[in-house]
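Chemist: build me a model:
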Amino acid sequence: MQTTQAGVDSRSLAEKARALATKHRELLLYGLIGGTSVVIDFGVFLLLHTVSGVHELLAHAASVSAAVLFSFTMNAKYNFKTTDRIVARFATFVAVSAVGFVIGAAVIWGLVQFAVAAEIAKLISLPVVAGVQFVLNSRVTFAEGAR
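Modeler: Predicted coordinates:
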């Protein structure tokens, strides 16, 4: 680390950002893939529920399924770069997603019971589910020892 006479770190902001991004690469890429998955999840949900009138929990099941397939494929190939035991990893990813599905369904159902619009309830459920799934997937599905 380079310091000035006053003891201030003179590395550029870009160097610091690059170091931080490298250190947290998996989390950042997981967030990018997850963000895209959220768009898929919410988009399919809106299309099915709001446009087509499908019940919110059935729309949730379909939208989560589409997002899970996308997310697993992208995370396995580009983020965690795993090609071994792909069927076992997918099964674990689906199990983790099932936990997320149940949490999301409970949030949606509970909020709808309090007259919250299903679309708003779905949005509220997304960050809760994303946090739980990141922890489980990074520690179980794509864990370093399992690669």
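Chemist: what segments of this protein are helices?
Modeler: Ranges of helices in the chain, per DSSP state H, are 13-23, 25-45, 56-74, 86-113, 118-136.
Chemist: how about these, which one is nearest F142?
Modeler: Closest approach to F142 among the helices of the chain (C-beta to C-beta): helix 86-113, 7.1 Å. Yep, even glycine has a C-beta here, placed from its N, CA and C like the rest.
Chemist: so for the closest one, what gets flagged as buried?
Modeler: 89-90, 92-93, 96-97, 100-101, 103-105, 107-108, 111-112 (16 or more other C-beta atoms under 10 Å).
Chemist: related to what we said a few turns ago, of the helices of the chain, which is nearest F80?
Modeler: Comparison of these against F80 by C-beta to C-beta identifies helix 25-45 as nearest, at 6.9 Å.
Chemist: what about the closest one, distance to the chain center?
Modeler: 5 Å (C-alpha atoms, centre = their mean, to the nearest Å).
Chemist: residues making contact with it?
Modeler: 21, 56, 59-60, 62-64, 66-68, 70-71, 74-75, 78-80, 119, 122-123, 126, 130, 133-134, 137-138 (C-beta atoms under 8 Å, 6 or more residues apart in numbering).
Chemist: pLDDT of that helix, averaged?
Modeler: Here helix 25-45 scores 89 as its mean pLDDT.
Chemist: and if you look at stretch 104-114?
Modeler: Mean predicted lDDT for stretch 104-114 stands at 96.
Chemist: picking that back up, just the buried residues out of the contacts of helix 25-45, in PyMOL syntax.
Modeler: Here is the PyMOL command that selects the buried residues among the contacts of helix 25-45 (16+ other C-beta under 10 Å):
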select buried, resi 56+59+60+62+63+64+67+68+70+71+74+75+79+80+119+122+123+126+130+133+134+137+138
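Chemist: number of residues surrounding K77?
Modeler: Counted with other C-beta atoms under 10 Å, residues neighbouring K77 total 12.
Chemist: how close does it sit to G53?
Modeler: 36 Å (C-beta to C-beta, to the nearest Å).
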